[in-house]
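S.K.: Need the 3D shape of this:
(one chain, ligands or ions: 2)
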Amino acid sequence: MKVLVTGGLGYIGSHTCVELSKKYSVVIADNLINSEIEVLDRINNIAHSKVIFEKIDLRNKKEVAFLFEKHGDITGIIHFAALKAVGESIEKPLLYYENNINSLLNILEQVQQLNSEINFIFSSSCTVYGVPLNLPITEEEPIKKAFSPYGETKQICENIISSSSKLNMNLKSISLRYFNPIGAHESAAIGELPLGKPQNLIPYITQSVAGVRGDLTIFGNDYNTPDGTCIRDYIHVVDLADAHIKALEYLSDKEFSTNEVFNIGTGKGTSVMEIINSFQDCTGKKINYKIGGRRKGDIDATFADNRKSLNTLSWSPRYSIEQALESAWNWEKNYREISE
Ligand code: NAD
Ligand code: WQD
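M.R.: Ligands and ions are numbered 1, 2, ... in the order given. Take a look at the predicted model:
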């Protein structure tokens, strides 16, 4: 199988390409808006592979048509490419709608013109659930108004894929709703590379411990949780990468067109305070922190009911939270050339 991976040089895409290229031939399409070209060599070094790279802006119809002309023999697509900063999406909603929705439309337009079957995986997010009514969150949880234009693009894209699957008998599709991806490959050669000040908890912690940022601010300790800090479902990025391969295999085995959604999380909630304690225990590094006010839009707790993925995709997470945190720190050390 030849698989097109959009956004394959990004955080989750690069880890998925490493796993994918062990079995399949891989073509990455990325415009490098939030990634570095060096990642391509790192993927190929880790996996001893020859992943092909096409510098394509997926917003550009002509470039996308060229991509499909050149690689008309693809049978799988994993569509990671998107802008993902929640705060930025509130400041620049049009940029997010344009990038995330038009990229998908351009790809699906090309898929429609292919005469062959396509197994299509879309990167969705637990953000589509908004404030959940039930915990853990199942895929049956009603979709409510999104908090941000970013979240809205995920809801819209899921709907577009579902409508397209109903009409295109060659299209078999899955939206994977990721919870909170963290960690890095065991080689520490690839990992999360946030632009500017990290908005997410783990990269902020690793950069703060590395001395690149100031003390961590815990955004609120008055939530309705046992220790007052928010609870999330943190999933190791290599486990997440594996879920994409299992999802592709599941689709390949399906005889008819389908469109399904799956939660990808560990099923276990961990509070910000528990993350801090685990990080300190497993790395031996102290995190300096202070308690600040709540961050707008944060909710008390989210974690996945992952039984559908476990039972249907024959997938299960292998890494513990400690292994994920340790790998995140190893990546940060390697990237900053910190020796201990
Ligand atoms: P990332 O920013 O590291 O990777 C995205 C990649 O897409 C980048 O390499 C970027 O250059 C590329 N890209 C963006 N727009 C493009 C365009 N128009 N044309 C070509 N390439 C383009 O992000 P990530 O963390 O790896 O996330 C991957 C996907 O998973 C995204 O769709 C994101 O919304 C989704 N997701 C991420 C998280 C998370 O916490 N990281 C959680 C849930 C869902
Ligand atoms: C985790 C917890 C913060 C930073 C985001 C997106 C979501 C999805 C995953 C893409 C929260 C707290 C954080 C800090 C802190 N992405 N925190 N101090 O908000 O659960 O989800 O990433 O689809 O859409 O919103 O993840 O890592 O930002 O925060 O106290 O400096 O850490 O308040 O409780 P979040 P996060």
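S.K.: the helices in the stretch 151-300 of the chain, which residues?
M.R.: Using DSSP state H, counting those that start in this stretch, the helices found in the stretch 151-300 of the chain span residues 201-209, 237-253, 272-283.
S.K.: Nearest to ligand 1 among the ones you listed would be which one?
M.R.: With distances scored as CB to the nearest ligand atom, the stretch of the helices of the stretch 151-300 of the chain nearest to ligand 1 is helix 237-253 (8.3 Å). Where you see a C-beta, it was placed from the backbone N, CA and C, and this is true even at glycine.
S.K.: Now tabulate the helices of the stretch 151-300 of the chain in CSV and tack on mean pLDDT.
M.R.: Shown next, in CSV, are those (pLDDT from 0 to 100):
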stretch, mean pLDDT
helix 201-209, 98
helix 237-253, 98
helix 272-283, 98
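S.K.: and the stretch 151-300 of the chain, which residues reach ligand 1?
M.R.: 178, 181 (CB under 6 Å from any ligand atom).
S.K.: check whether stretch 282-289 contacts ligand 2.
M.R.: No - Stretch 282-289 lies out of reach of ligand 2 by CB under 6 Å from any ligand atom, never closer than 8.4 Å.
S.K.: In PDB, list the C-alpha atoms belonging to that stretch.
M.R.: The C-alpha atoms that make up stretch 282-289 are tabulated as PDB, following Å, rounded to 0.1, in the frame of the first residue of the first chain:
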ATOM      1  CA  CYS A 282      10.600   9.700  36.600                       C
ATOM      2  CA  THR A 283      13.100  12.300  35.500                       C
ATOM      3  CA  GLY A 284      14.500  13.400  38.900                       C
ATOM      4  CA  LYS A 285      14.000  17.000  37.700                       C
ATOM      5  CA  LYS A 286      12.200  19.700  39.800                       C
ATOM      6  CA  ILE A 287       9.400  21.700  38.200                       C
ATOM      7  CA  ASN A 288       9.100  25.200  39.600                       C
ATOM      8  CA  TYR A 289       5.500  26.200  39.500                       C
END
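S.K.: which outside residues touch that stretch?
M.R.: For stretch 282-289, contacts defined as CB atoms under 8 Å, 6 or more residues apart in numbering pick out 205, 208-209, 215-218, 276, 279-280, 322, 325-326, 329.
S.K.: filter those residues to the buried ones?
M.R.: 205, 208-209, 216, 218, 276, 279, 325-326, 329 (16 or more other CB atoms under 10 Å).
S.K.: Now do the buried residues in the strand or helix carrying Lys333.
M.R.: Per DSSP states H and E: Lys333 is located in helix 321-336. Neighbour counts over helix 321-336 (16+ other CB under 10 Å) mark 321, 323-335 as buried.
S.K.: again with stretch 245-261
M.R.: Buried residues in stretch 245-261, counted by 16+ other CB under 10 Å: 245-251, 257, 259-261.
S.K.: can you list those residues in JSON lines and add distance to ligand 2?
M.R.: Compiled in JSON lines, these are given as follows (distance: CB to the nearest ligand atom, whole Å):
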{"residue": "Ile245", "distance to ligand 2": "20"}
{"residue": "Lys246", "distance to ligand 2": "20"}
{"residue": "Ala247", "distance to ligand 2": "17"}
{"residue": "Leu248", "distance to ligand 2": "21"}
{"residue": "Glu249", "distance to ligand 2": "24"}
{"residue": "Tyr250", "distance to ligand 2": "22"}
{"residue": "Leu251", "distance to ligand 2": "22"}
{"residue": "Ser257", "distance to ligand 2": "27"}
{"residue": "Asn259", "distance to ligand 2": "20"}
{"residue": "Glu260", "distance to ligand 2": "19"}
{"residue": "Val261", "distance to ligand 2": "14"}
